[in-house]
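Q: Task: produce atomic coordinates for the following.
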Amino acid sequence: MKRKFLVWMLCILALGNRLGASIQAKQPVDYLLERSKQEGMIPVFEDMYDDTGGTISYRCTKKGIVVYTSKAYEYRVKGLKIHQLGIQELTIQRIGKDIVLEDHITVDVKKKLLSIYAKQDVIHMTLGQKPDWTQYVSVNDPNAKIVCKGQPSQQPGIYTIVVQARSEDGQKAQTELTVYVEPDDFYNQIALAALEQLGVKQDCTMLVTNSLKAVGIDFHGAPQDYMQLGEKTDTPIAGDLIIYDGHVAVYIGDHMAVHGGWNHEDTQVHDVTCSQKLLCFIHIRNNPSM
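A: Numbering: from 1, shown residues only. Now for the predicted structure:
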């Protein structure tokens with residue numbers, strides 16, 4: 001019985017040592033510092049202490065203690081090896097006329113701190129554009145992996161794109177891009193040309209043909225023939241075409257469309273849903289030479 005108890009105790013102690021090593025290996029890092037930059041500690045002091053007492057500057061390293069000074073305080077850092085990579089345990093003493101504080105923090109010294117920033121505050125684009133967001137940011141590590149989160153929808157408005165960078169050594173940084181999505185005049189002209197025909201007696205194909213002429217497209221055919229002028233889309237914008245079984249219309253947004261040949265051949269605004277079966281939305285190719 002005693003032997004079994006001893007075996008169990010040894011197992012528990014061994015497990016405890018493993019867990020302790022695991023916990024120590026995953027110890028959270030308070031700050032990142034860049035190798036060989038003594039000045040990297042200065043933002044740490046400014047973050048830790050609100051009343052820094054003036055501009056802080058590096059003074060010297062003496063007997064393993066790195067000394068920084070300001071007008072009111074002296075900062076002594078023990079354990080800092082700024083030329084050595086990896087996690088380090090530091091002891092910081094802040095010494096003033098009437099105060100001596102001691103704090104313990106963990107830092108991770110890296111080859112170079114990863115940074116990313118937006119090259120411009122605001123980006124303007126038109127509907128349908130699919131820009132490469134990475135061209136709008138600058139990263140100080142050419143080997144960092146870039147990931148973009150968020151995409152503007154197919155509607156005008158203001159959107160935020162988050163661009164994240166991750167270095168090979170696991171550092172992460174991100175910035176945000178503010179994107180103004182503006183209506184594309186090409187498609188706006190199609191929608192406006194359709195609206196200008198309200199009340200005109202004509203069939204649906206003439207409505208669409210006349211609307212497309214506003215952007216230099218000369219085409220006329222049966223309703224489904226207009227499918228060849230663009231690509232199908234599940235996110236229509238104003239100026240796209242709606243192809244039905246035996247009918248065609250111009251989409252103007254908010255689930256509304258301009259229909260020709262409607263109620264005694266009039267051109268009217270009506271809901272997208274009508275008596276004919278809806279087949280698809282077509283996003284016209286911006287190619288006025290057709």
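
Q: Quickly list what the residue positioned nearest the centre of the chain is bridged to.
A: Note on the chain: the residue nearest the mean C-alpha position is Val162, at 1.5 Å, using C-alpha atoms, centre = their mean. On the basis of DSSP bridges, Val162 is bridged to Lys149, Glu176.

Q: low pLDDT regions in the stretch 51-200 of the chain?
A: Where the stretch 51-200 of the chain drops to pLDDT under 70, the residues are 51-52, 128, 153-154.

Q: just the strands in it please.
A: Applying DSSP state E, counting those that start in this stretch to the stretch 51-200 of the chain gives strands spanning 57-62, 65-69, 74-78, 86-95, 100-110, 116-118, 122-126, 137-139, 145-149, 157-166, 172-182.

Q: Now do the helices in the stretch 151-290 of the chain.
A: Secondary structure of the stretch 151-290 of the chain, counting by DSSP state H, counting those that start in this stretch: helices at 185-195, 204-213.

Q: Looking at the ones you listed, which one is packed in the most?
A: helix 204-213 (a mean of 22; mean count of other C-beta atoms under 10 Å). Every C-beta, even on glycine, is put in place using the N, C-alpha and C of the backbone.

Q: Could you export that helix as PDB, CA atoms only?
A: Only the C-alpha atoms of helix 204-213 are listed here, as PDB (Å, rounded to 0.1, in the frame of the first residue of the first chain):
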ATOM      1  CA  CYS A 204     -39.800  46.200 -72.100                       C
ATOM      2  CA  THR A 205     -37.000  45.700 -74.600                       C
ATOM      3  CA  MET A 206     -37.200  49.200 -76.000                       C
ATOM      4  CA  LEU A 207     -37.000  50.600 -72.400                       C
ATOM      5  CA  VAL A 208     -33.800  48.700 -71.800                       C
ATOM      6  CA  THR A 209     -32.400  49.500 -75.300                       C
ATOM      7  CA  ASN A 210     -33.000  53.200 -74.800                       C
ATOM      8  CA  SER A 211     -31.500  53.100 -71.300                       C
ATOM      9  CA  LEU A 212     -28.300  51.400 -72.500                       C
ATOM     10  CA  LYS A 213     -27.900  54.000 -75.200                       C
END
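
Q: Need the contact partners of it.
A: By C-beta atoms under 8 Å, 6 or more residues apart in numbering, the residues outside helix 204-213 that reach it are 190-191, 193-194, 197, 200, 202, 218-223, 226, 229, 241, 247-250, 258-262, 267, 284.

Q: What's the PyMOL line that selects buried ones from those?
A: Listed next is the PyMOL selection for buried residues among the contacts of helix 204-213, using 16 or more other C-beta atoms under 10 Å:
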select buried, resi 190+191+193+194+197+202+223+226+229+241+247+248+249+250+258+259+260+261+262+267+284
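
Q: related to what we said a few turns ago, now distance to Ser211 too, for the strands of the stretch 51-200 of the chain, in JSON lines please.
A: Shown next, in JSON lines, are these (distance: least, C-beta to C-beta, whole Å):
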{"stretch": "strand 57-62", "distance to Ser211": "69"}
{"stretch": "strand 65-69", "distance to Ser211": "71"}
{"stretch": "strand 74-78", "distance to Ser211": "72"}
{"stretch": "strand 86-95", "distance to Ser211": "66"}
{"stretch": "strand 100-110", "distance to Ser211": "59"}
{"stretch": "strand 116-118", "distance to Ser211": "39"}
{"stretch": "strand 122-126", "distance to Ser211": "19"}
{"stretch": "strand 137-139", "distance to Ser211": "40"}
{"stretch": "strand 145-149", "distance to Ser211": "35"}
{"stretch": "strand 157-166", "distance to Ser211": "25"}
{"stretch": "strand 172-182", "distance to Ser211": "21"}
